[in-house]
Each structure stands twice: as C-alpha cells, then as structure tokens.
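Trainee: The sequence and its predicted three-dimensional model are supplied below.
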Amino acid sequence: MIRVVLPAHLRTLARIDGEVKLDVEGEVTQRSVVDALEARYPMLLGTIRDPASKQRRPLVRFFACEDDLSHEQPDAPLPDAVAQGSEPLLVVGAMAGG
Amino acid sequence: MMSGVRVLVGTRKGAFVLTSDAKREQWEVAGPHFGGWEIYHVAGSPVDPNRLYASQSTGWFGQLIQRSDDGGKSWEPVGNQFEYDGVPGTHQWYDGTPHPWEFARVWHLEPSLTDPDTVYAGVEDAALFRSVDAGQSWQELPGLRGHDSGSSWAPGAGGMCLHSIVLDPHDPGRMYVAISAAGVFRTDDAGKTWRAANRGLQSEGIPEQEAEAGHCVHHIAMHPSRPDVLFMQKHWDVMRSDDAGQSWHEVSGNLPSDFGFPIEVHPHEPDTIYVVPIKSDSEHYPPDGKLRVYRSRTGGNEWEALTEGLPQQDCYVNVLRDAMAVDSLEDCGVYFGTTGGAVYGSPDAGDTWAPIVRDLPAVLSVQVQTLP
C-alpha cells in the first residue's frame, strides 16, 4: 500500500481527508503512483502533471524521505520506504507566493 | 415579476455569489468558493439559470472547470483538457520570433443561448473551444487560429488571450470573438471559418496602424435586439460598428480618457452604453483619482459621468474587461468589480451606486443573472 500526501488545495478538490492509500501495480515510480492517483481521483487529472505530455507541472514538487525527488526520472523507482508504505510520497505545491 | 438577481464574481482568490431580491438593497454574499484559486470567469446559462460554469486555475495546479447545477450552491469539477487541434504551430512572441501555441488558462466562458450543455471557452494562448456535454470534454474550433493572420498574432501585456465571445441571438451561425492583441474575428458558419473584423480600428502601437489584425481590443458588447451594432473598448478608443463588424468608427467623444477595459449595453435601451475610463495604458487607474462610470444614451460620442455613491477622491483601482455587467430588471441594474476588491451596484441604470461588498480579493470578472 502506497501512501501519498497531497497539498491542501488538491485534497479539497478530491474531497480527501488525510493521506491517500493506493494499490500500485508493478514498480513503484512517480509515474505509476500518479497514474493510480489519477485513476482513483479523476478530478486530479492535469493538476499534478500536464495531461498531454505527462510532465510534472513546474510548481509541483515530489518529496519523500526528506529528499526532493522532483527531478528524478518519472520511471525511476521511488525509495523502498515509499514502496513498502512506511513513508509517504509528498506532493507539494512549490514555495511561491501569489 | 422577476424575483431577483445573482451576481457571479470571479476574483484572484476565489469565487463569490451575491444575491438579492429585485429591490437590490439587501445582499447576501456567499463564498469564497474555490478559495485560493484564480477564478477568471463564472457564467450562467441563459436557458437554465441553475447551470453555472467557472474557470478555476492557479500557477501550481493548472486549469480546472467547475460546473454547478444548483445555482452555485454546489460544484463539480468537469473536463479540463484543452488540447489544440492537430499540430498547433506558432504565433509571434513578444520579440517577434515564432512561439508555439501553449495553453495557459481559460479567460472567458460563454454558455449557449439555447442549450445549457453547450458552452464556449476563450483561452490563452488565443483559441476558441466548445463543449457540448456540459463541460465534460472540450474541442477546439480550429478555423479561428487557422485564419491567415494567425501566425502573426502576438500577445498583449496580459498574455495572448481570447477574452470576449459574443453570440448573435438572431443567427446561430454567427459569433464574434476578440483577442488581445489580434482583434475581432467573426464567423458566419458556427466557427468553421472566420474573417477579421477590424476595419476602421487604428492602433498607434503597431507598425501598420490600420492593419487587418494586431489590434488590442479589450472588450466588445452587443444589444440582443440589434445584433449588427457592436460596441468596443479598445486599448485606446471606444468604437462602434453598425454593420456587424465590417467597419468601425470612433465614438469616444467627450470621455476624459478613451482608454479602459469593460464596455456594456443597457438591457432595454440599445443606444445606452457604459464604460469606465482609465487614465492610460501604463496608469491603470481612473483619471484624477475619481472612480467614474460614463454612460452614453446616444450610442457613443456624448457621455455623462456617473459618480453618485462612487469614490471621488484617492481612488486608484482598475476595472477589468470582464468585470462589468447589467441585469435585465425593468429598472436596469449595473454592476462592476474593482481590483481593490469592491463590487458596486446601481439599481437605477447608473444614476446611483453603492458597494455590495468592499473587501474581496481583486475582482477579475462580474456576471449577472436575472432570476425568474
């Protein structure tokens, strides 16, 4: 079971309280986790990554285990602690005012 | 007897719904809906006032479209994929180089006059999309960008946005759109083909002042009873067309400044129009610190200042292009929102004004529904 923490605006949009718990088929990567997330919550389509290019949106970041994984390849394996569910993948709105 | 009005307000940090009975003295303010998100526009269907569409976006999480089927009490996110048709090609960038068309946001939503499930969306980079399934999916009408001038369109300071969509109530095939900074385009075949409708416009900021395209049109308006007459607030100049956009002439007359953003037509008097003069293209606030709506009862040229109830000193807000609207009650109501977060209303066609609410986030858009 993969744990994902979404930023407040996306929790509101998807009507989620707290963490999301997802079953992910195959290797646990940014792409497979976001695929599973979007499949469960279609209203999140386009909010984390561009719907056509599947590129991470510029002001969205992926953190886990106190590391910034945003610039890792989308198909790179996430840390074992995320894959095993002991640590969550954090989807974060970048620090940018407005 | 009409029961009242609902004012739909889009702001920099959420949407608000203001409601009143037909007296328009007491107002209920609901919101923020979508707090923290930019709401460029909220619009209601003319055939089903409970059907609303809202354009919601942020730099973080992109574009969403929300739909309400109960007059704004509850909302559902619907389709947010705006993919340009085919290979998008390029338009001109600020520096004159070719730049790929890139979707940024939806500026304006225009529900169909006849079908609550059909709605048009004007987007940045400039293109026109349509949904026929209540916002679930969107298809571009690519003939507009395919206009011969398309590759030469360049953004205005606010981005290259399609911000105005005017539907002809007498001819379902005809509509007008306006793009900053390309100008007005008209279709007579429901969006398949388009012609530029900018003859008579003169813009000092472009090399060929009377070019077919390249004009920074800020907003256009039509009275439904007289669809061949159009009014325009341009970057500079207030303009009028009497031949369905084939030619334009200036009607700025005695305005203190002919720069501005919104322009609206009285619902019952096709020659009564409203603008909000702004000092200049670089000074986006009213001349002399006085917030004045100007009304012409002669279709332009002769204008009177409407000031009663509006701040007449130290006022330096702007009124954006989609932030003014009229209701259709017998005594026409006029409404506008400011970048200072106030929404003003007049229940008497502009003679007197009062703030409905003073301290919202910067107002991006104001639409009004006259409720049955």
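Mentor: Okay, I see it. Numbers count the residues shown, from 1 in each chain, chains lettered A, B, ... in the order given.
Trainee: And the pLDDT for residue B:207?
Mentor: Looking at residue B:207, its pLDDT reads 79.
Trainee: And the strands in chain A?
Mentor: Under the criterion DSSP state E, strands of chain A are mapped to A:2-5, A:20-22, A:60-64, A:67-68, A:89-93.
Trainee: Nearest to chain B, out of those strands?
Mentor: strand A:89-93 (4.4 Å; CB to the nearest CB). Every residue, glycine included, has its C-beta placed from N, CA and C.
Trainee: mind listing what that closest one pairs with, with the direction of each?
Mentor: Within its sheet, strand A:89-93 is paired with strand A:2-5 (parallel), strand A:60-64 (antiparallel), according to DSSP bridges.
Trainee: average pLDDT across the first one?
Mentor: When you say that, I think you mean strand A:2-5. According to the model, strand A:2-5 has a mean pLDDT of 98.
Trainee: cool, and the last one?
Mentor: In this model, strand A:60-64 has a mean pLDDT of 97.
Trainee: list the buried ones in it?
Mentor: Using 16 or more other CB atoms under 10 Å in any protein chain shown as the test for burial, strand A:60-64 gives A:60, A:61, A:62, A:64.
Trainee: just to revisit the earlier point, as a markdown table, the strands of chain A with distance to residue A:76 would be great.
Mentor: A markdown table is the format used below for the strands of chain A (distance: least, CB to CB, whole Å):
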| stretch | distance to residue A:76 |
| --- | --- |
| strand A:2-5 | 15 |
| strand A:20-22 | 18 |
| strand A:60-64 | 11 |
| strand A:67-68 | 12 |
| strand A:89-93 | 13 |
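Trainee: ok, residue A:67 - contacts?
Mentor: residue A:79 (CB atoms under 8 Å, 6 or more residues apart in numbering or on different chains).
Trainee: got a pLDDT number for it?
Mentor: Confidence score, pLDDT, at residue A:67: 96.
Trainee: same question, residue B:1
Mentor: According to the model, residue B:1 scores 46 on pLDDT.
Trainee: Where does the prediction get shaky in the chain?
Mentor: You didn't say which chain, so I picked chain A. In the prediction, chain A carries residues with pLDDT under 70 at positions A:97-98.
Trainee: wrong chain, I was asking about chain B
Mentor: Along chain B, the model assigns pLDDT under 70 to residues B:1-2.
Trainee: Try it again at 50.
Mentor: Scanning chain B for pLDDT under 50 picks out B:1.
Trainee: where do the helices sit along the chain?
Mentor: Just going to use chain A. For chain A, the helices defined by DSSP state H occupy A:8-14, A:30-40, A:80-83.
Trainee: near chain A, which residues of chain B?
Mentor: By CB under 8 Å from any CB of the partner chain, the residues of chain B that approach chain A are B:36-37, B:58-64, B:77, B:80-81, B:83.
Trainee: Can you check those and name whichever has the most neighbours?
Mentor: residue B:37 (26 neighbours; other CB atoms under 10 Å in any protein chain shown).
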